[in-house]
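Visitor: below is the sequence, then the predicted model.
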Amino acid sequence: MEISGLLLVVAVALVDREGRVLVQQRPPGKPMAGLWEFPGGKVEAGEVPEVALVRELAEELGIDVATGALAPIAFASEGLGERHLLLLLYVAHEWAGTPEPRHASALQWVRPAEMRTLAMPPADVPLVDALERLL
Ligand SMILES: Nc1nc2c([nH]c(=O)n2[C@@H]2O[C@H](COP(=O)(O)OP(=O)(O)OP(=O)(O)O)[C@@H](O)[C@H]2O)c(=O)[nH]1
């Protein structure tokens, strides 16, 4: 959803039992192709953010997440070309199904410290710091 140049995006750190986080690689043809990011996407007009995230996770990964399993942990505020990105990051420890890369080029489970070695969008760097403090 875009409000006067403000782009609202929701994303999640899915954390497995070993404390690893799922990241996905943006596919060729999309802006920032090849970078690793948290699964998620744009909130559509009139959509509640948590509902948008549940929808994106079903579309992108084929998993079911309950809105109540999503806990907000951090946000990023970052210039994005002509627009400004507001990215809300949630964490979830429970979901149904096995994530598969339906839109992404690849998926991988990584520890927060290892995420620093991955090329990620600029907005994600402070989010990784917040995640590392939390996990
Ligand atoms: N999903 C996601 N998007 C991110 C992250 N970091 C970040 O800067 N973004 C930016 O947030 C925006 C999300 O757009 P998207 O392309 O993933 O969203 P979408 O699935 O709704 O896209 P669509 O327009 O292809 O349907 C992009 O500009 C993307 O680069 C992140 O960690 N996860």
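Guide: The structure has been received and is ready for your questions.
Visitor: helix/strand/coil for the residue of the chain found nearest the ligand?
Guide: Residue nearest to the ligand within the chain: G41 (2.9 Å; CB to the nearest ligand atom). C-betas here are computed from N, CA, C, even on glycine. Recorded secondary structure, G41: strand (DSSP: H, G, I helix; E, B strand; the rest coil).
Visitor: ok, it - how many residues close by?
Guide: 17 (other CB atoms under 10 Å).
Visitor: that one and L61 touch, don't they?
Guide: No: the criterion here is CB atoms under 8 Å, and G41 misses it with L61 at 11.3 Å.
Visitor: got the contact list for the closest residue in space to the residue of the chain closest to the ligand that isn't next to it in sequence?
Guide: Nearest residue to G41, sequence neighbours excluded (CB to CB, 6 or more residues apart in numbering): E56, at 4.2 Å. Contact analysis of E56 by CB atoms under 8 Å, 6 or more residues apart in numbering lists 10, 39-41.
Visitor: what helix or strand is E56 on?
Guide: helix 49-61 (DSSP states H and E).
Visitor: got it, and E132?
Guide: helix 124-134.
Visitor: about what we covered before: for the residue of the chain closest to the ligand, name its beta-bridge partners.
Guide: V10 (DSSP bridges).
Visitor: quick one: contacts for it?
Guide: Contacts of G41 (CB under 8 Å, 6+ apart): 9-11, 52, 56, 59-60.
Visitor: top of the residues you listed by number of neighbours, please.
Guide: Neighbour counts for those, by other CB under 10 Å, peak at V10, which reaches 29 neighbours.
Visitor: what residues are up against that one?
Guide: 40-41, 43, 49-50, 52-53, 56, 87-88, 90.
Visitor: same check on G62?
Guide: 97-100, 102.
Visitor: equivalent analysis for S105, please.
Guide: S105 neighbours (CB under 8 Å, 6+ apart): 24-28, 34.
Visitor: quick check: L7 is in a helix.
Guide: No: when classified by three-state DSSP, L7 is found to be strand rather than part of a helix.
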